[in-house]
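K.L.:
Model the following, please.
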Amino acid sequence: MVRVEFSSIRLTEVLKTMFFPITAFELLDSLEERGYRLLVRRPLPIPPTHRAYIGGRIAEKRDCTVFVDPDRRFIGVDGTSPENLSIIYLELIDVIKKKFELNLDEVRDYLELVATGIVRSRHMPVNVLNNAFRQGIIQKISEILGEDAGVYSVGFAPRGKIPSVTEWFDLRIEPHIRLPTKEYDLTIVYRSSKSEKVIKFFNQLESTILRAIKALEGEGSESNSG
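P.N.:
Numbering: from 1, shown residues only. So this is what the prediction gives:
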């Protein structure tokens, strides 16, 4: 069975508050109480009228890591297993809601998913990508470059939008540099101010990637046979 071998999956909550509301002592205590291994030392004690922050990769559990950046106002989790990441993400959201009494739907700017991985294939990725696109365009580029050109990497994004918008996706597929005749290398970004959209996409992440590759291989095979 074809599977996606994920090298990284990351879910990041980016907030739009003027000041980052997730402070160090409360966050670290809450994570430690839930069985996380802390990766950082607690800040030195400060007066109760001050806020203490901490940044970077701060705790881990189930082969997933919690990271935070107060200056850029985001907090999230990363790992390589979608199943474990889902569990840790939900735990982190529960900490944010209960310990800091935050309504994320009110303070969220957007939730972003970023994933990278490899998919093995019985087809040759270098040929599939080249054959999936109109040969007329490839011929024109070949004439411009003065070389026999082909398509090596493809990307898909929202039609007519630019990467700086909140509602965005970006799927990039190319032959893996190590085994370009047997593996695809892929990167996918998906973000939205509506967390339910991102979570739904995340829950279908592997099947979505495999369906996209199957579609490309179908087009490539048809073009090649014709």
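
K.L.:
hey, where'd the helices end up in the chain?
P.N.:
Listed in chain order, the helices found in the chain under DSSP state H are 24-33, 82-99, 104-107, 125-131, 135-145, 195-203, 205-225.

K.L.:
Could you single out the most deeply buried of these?
P.N.:
Comparing the helices of the chain by mean neighbour count (mean count of other Cβ atoms under 10 Å), helix 125-131 comes out on top with a mean of 21. To be clear about C-beta, it is placed using only N, CA and C from the backbone, and glycine gets the same treatment.

K.L.:
Mind putting the helices of the chain into CSV with distance to residue 173 and mean pLDDT?
P.N.:
Compiled in CSV, these are given as follows (distance: least, Cβ to Cβ, whole Å; pLDDT from 0 to 100):
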stretch, distance to residue 173, mean pLDDT
helix 24-33, 36, 94
helix 82-99, 19, 97
helix 104-107, 32, 94
helix 125-131, 7, 87
helix 135-145, 17, 86
helix 195-203, 17, 97
helix 205-225, 7, 78
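
K.L.:
between these, which gets nearest to residue 9?
P.N.:
helix 82-99 (5.4 Å; Cβ to Cβ).

K.L.:
follow-up on the earlier one: list just the one of the helices of the chain that sits closest to residue 179.
P.N.:
Closest approach to residue 179 among those is made by helix 125-131 (8.7 Å; Cβ to Cβ).

K.L.:
distance between the closest one and the chain's centre?
P.N.:
Distance of helix 125-131 from its chain centroid, counting by Cα atoms, centre = their mean, to the nearest Å, is 25 Å.

K.L.:
For residue 156, see how far away the closest residue in space to residue 152 that isn't next to it in sequence is.
P.N.:
Spatial nearest neighbour of residue 152, chain neighbours left out: residue 174 (6.1 Å); criterion: Cβ to Cβ, 6 or more residues apart in numbering. In this view, residue 174 and residue 156 are 12 Å apart by Cβ to Cβ, to the nearest Å.

K.L.:
Tell me which residue is most central in this protein.
P.N.:
For the chain, residue 114 is the residue whose C-alpha lies nearest the centre (Cα atoms, centre = their mean; 1.0 Å).

K.L.:
if we can go back for a sec, which of residue 174 and residue 156 has more residues huddled nearby?
P.N.:
Between residue 174 and residue 156, residue 174 has the larger neighbour count (other Cβ atoms under 10 Å), namely 18 against 12.
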